[in-house]
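Novice: Turn this into a model:
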Amino acid sequence: MGQEQSYYTAAQRQSQFARPITEFLLMNRPTVTITEEETLVGLLTILRRGGVSCVPVIRQTGKEAVEDKAGRQGLVSEQRHDRPTVVTDGHASNNIERSTKTSSTGNGSATMNELPLIDILDIACFLTNAYHQLGTKLFSESLPSLLSISCSSIANFSSNNPTVYVAPSTPVSTVIFTLQTHSLARVVCYLNSDHQTPRLLTMTALLEAMLLNLDTLHPSPDTSLSSLGFSARPVKCLDGRMMVMDSLTRLVREGVTAMPVLSSGSSSSSSSSSADEKELLGIMTLRHLKSIHALNATDLFLPTRDFLVAHNATYSHLLATLDISLRECIRQMVVNVIHHVFFVEGRKVVGVLSVKDMVDYLSKEVV
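Specialist: Here you go, the predicted structure:
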């Protein structure tokens with residue numbers, strides 16, 4: 001447990017959220033990028049080795065986008081709905097300008113090359129869309145070809161990953177407002193005027209900085225979540241017998257990135273007491289896709305329970321009770337690089353809190 005005394009004052013808290021975002025966040029991690037020619041299987045390797053879930057696709061000026069066979073067959077174009085690039089002014093949260101390739105960043109006009117983003121949700125949406133278009137047998141036969149698709153074809157495939165730019169001087173409160181308003185997990189910031197050094201500013205990075213400054217952001221950071229009035233959101237669960245592709249499909253359709261896996265059946269925290277008798281096997285997340293490569297791609301057809309064991313992905317450190325302190329809950333998320341903590345009573349999963357929930361809580365009444 002951290003220190004018991006908080007150095008919180010309302011003025012201190014307000015001043016933290018007024019700081020420029022590049023001064024508040026730790027900016028010592030270089031951005032992992034890919035080229036538009038990178039294949040999907042290559043991207044999964046890059047995500048796994050880089051320990052990231054999203055990368056910008058770097059395009060050379062004047063070069064035409066790569067069109068691949070799967071896209072021409074309709075696997076890409078049927079579901080994808082591009083959204084315009086959104087640019088946030090660096091000084092006012094209510095001054096939002098929409099553009100496709102040019103923008104004013106709040107520090108003077110500038111022209112930016114389009115910088116598409118691709119994250120694990122885009123990959124999951126692409127694969128599950130192909131799975132349901134083709135059916136299990138044809139999808140299985142086509143999987144090597146699908147893993148060879150060029151990444152430029154599936155950037156923002158989910159339509160939930162548009163490119164949002166903020167200036168380095170943008171206040172922390174404005175960045176959080178932008179993330180909340182557009183339901184984003186990240187924004188892009190160019191650190192210099194030539195727009196050659198993109199950085200992804202993520203919800204996870206915000207929570208990490210909030211942990212470092214927690215004693216000035218909250219008056220009682222070592223108080224338990226239950227004492228602070230937290231009530232975890234209800235959570236739905238996956239049946240461990242479901243094939244991995246069906247589990248991924250349910251995650252995408254439910255609009256979540258992680259679900260607990262039970263030994264049998266599928267239940268929510270509001271279900272009957274029979275759910276108490278089901279063994280919690282682990283947590284299935286979209287990020288498990290990063291462990292897929294050319295030699296183990298058939299694992300996507302395993303029962304989810306077997307997949308978790310094969311990939312050492314039971315993730316017991318994602319579990320807690322509401323007696324955990326605010327500081328310790330955030331620390332668990334940051335140190336273990338996890339986006340969710342699931343709360344249990346005995347063997348029953350009763351709720352979940354996400355990185356977004358924590359950022360929203362710590363920034364309430366300021367943003």
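Novice: quick one, phi/psi of the closest residue to L117 other than its chain neighbours?
Specialist: The shortest distance from L117 to any residue other than its chain neighbours is 5.1 Å, reached at N161 (C-beta to C-beta, 6 or more residues apart in numbering). Just so you know, the C-beta spots here come from the backbone N, C-alpha and C atoms, and that holds for glycine as well. Phi and psi for N161, reported as degrees, to the nearest 10, are phi -140, psi 50.
Novice: which residues in the stretch 101-250 of the chain form helices?
Specialist: 120-147, 172-181, 203-212, 214-217, 244-254 (DSSP state H, counting those that start in this stretch).
Novice: Out of the ones you listed, which is closest to Y7?
Specialist: Set against Y7 and scored by C-beta to C-beta, those come closest in helix 214-217, at 4.7 Å.
Novice: quick revisit: of the helices of the stretch 101-250 of the chain, which is nearest C54?
Specialist: Closest among the helices of the stretch 101-250 of the chain, using C-beta to C-beta: helix 120-147, at 7.3 Å.
Novice: what helices or strands is the closest one leaning on?
Specialist: helix 40-50, helix 69-72, helix 244-254 (3 or more C-beta pairs under 8 Å, 6 or more residues apart in numbering; DSSP states H and E).
Novice: Tell me which of those helices lies nearest to S169.
Specialist: helix 40-50 (27.6 Å).
Novice: re the thing from before, let me have the helices and strands packed on helix 120-147 in TSV, extended by mean pLDDT and mean neighbour count.
Specialist: Output for the helices and strands packed on helix 120-147, formatted as TSV (pLDDT from 0 to 100; neighbours: other C-beta atoms under 10 Å):
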stretch	mean pLDDT	mean neighbour count
helix 40-50	95	18
helix 69-72	42	16
helix 244-254	97	19
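Novice: Distance to T170 for those helices - can I get that in a markdown table?
Specialist: Putting the helices and strands packed on helix 120-147 into a markdown table (distance: least, C-beta to C-beta, whole Å) gives the following:
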| stretch | distance to T170 |
| --- | --- |
| helix 40-50 | 25 |
| helix 69-72 | 35 |
| helix 244-254 | 31 |
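Novice: V366: which of those is closest?
Specialist: helix 244-254 (30.4 Å).
Novice: For that closest one, give me every contacting residue.
Specialist: 121, 124-125, 127-128, 131-132, 136, 139, 158, 236, 238, 242, 257-259, 261, 284-286, 289, 299-304, 307 (C-beta atoms under 8 Å, 6 or more residues apart in numbering).
Novice: What strands flank the following helix or strand past it, and is each parallel or antiparallel?
Specialist: In the C-terminal direction, the helix or strand that comes right after helix 244-254 (DSSP states H and E) is strand 258-262. When pairing is defined by DSSP bridges, strand 258-262 lines up against strand 238-239 (parallel), strand 280-285 (antiparallel).
Novice: Quick check: which ranges of the stretch 251-367 of the chain have low pLDDT?
Specialist: Applying pLDDT under 70 to the stretch 251-367 of the chain flags residues 265-277, 314-317.
Novice: before we move on, back to that, quick one: which of the strands paired with strand 258-262 is nearest P171?
Specialist: So among these, strand 280-285 is nearest, using C-beta to C-beta, at 31.8 Å.
Novice: what distance separates the closest one from the centre of its chain?
Specialist: 17 Å (C-alpha atoms, centre = their mean, to the nearest Å).
Novice: By neighbour count, which bits of it are buried? Give me those.
Specialist: Neighbour counts using 16 or more other C-beta atoms under 10 Å place L280, L281, G282, I283, M284, T285 of strand 280-285 among the buried residues.
Novice: quick revisit: ok, which of the helices and strands packed on helix 120-147 comes nearest T204?
Specialist: Nearest of the helices and strands packed on helix 120-147 (C-beta to C-beta): helix 40-50, 13.8 Å.
Novice: following the closest one, which helix or strand comes up?
Specialist: Next in sequence after helix 40-50, counting helices and strands by DSSP H and E, comes strand 54-58.
Novice: What's the separation between L353 and A18?
Specialist: Note on L353: its distance to A18, by C-beta to C-beta, to the nearest Å, is 26 Å.
Novice: Using JSON lines, lay out the strands paired with strand 258-262 together with distance to V341.
Specialist: Shown next, in JSON lines, are the strands paired with strand 258-262 (distance: least, C-beta to C-beta, whole Å):
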{"stretch": "strand 238-239", "distance to V341": "17"}
{"stretch": "strand 280-285", "distance to V341": "10"}
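Novice: With S53 as the reference, name the closest of those strands.
Specialist: Here strand 280-285 is closest among the strands paired with strand 258-262 (C-beta to C-beta), at 9.7 Å.
Novice: What lies in contact with the closest one?
Specialist: By C-beta under 8 Å, 6+ apart, strand 280-285 touches 238, 240, 244, 247, 251, 257-263, 304-305, 307-308, 313-316, 318-319, 339-340, 342, 344, 347, 349.
Novice: Just the buried residues of those residues.
Specialist: When those are checked for burial by 16+ other C-beta under 10 Å, the buried set is 238, 240, 244, 247, 251, 257-262, 304-305, 307-308, 313, 315, 318-319, 339-340, 342, 349.
Novice: Much appreciated, bye for now.
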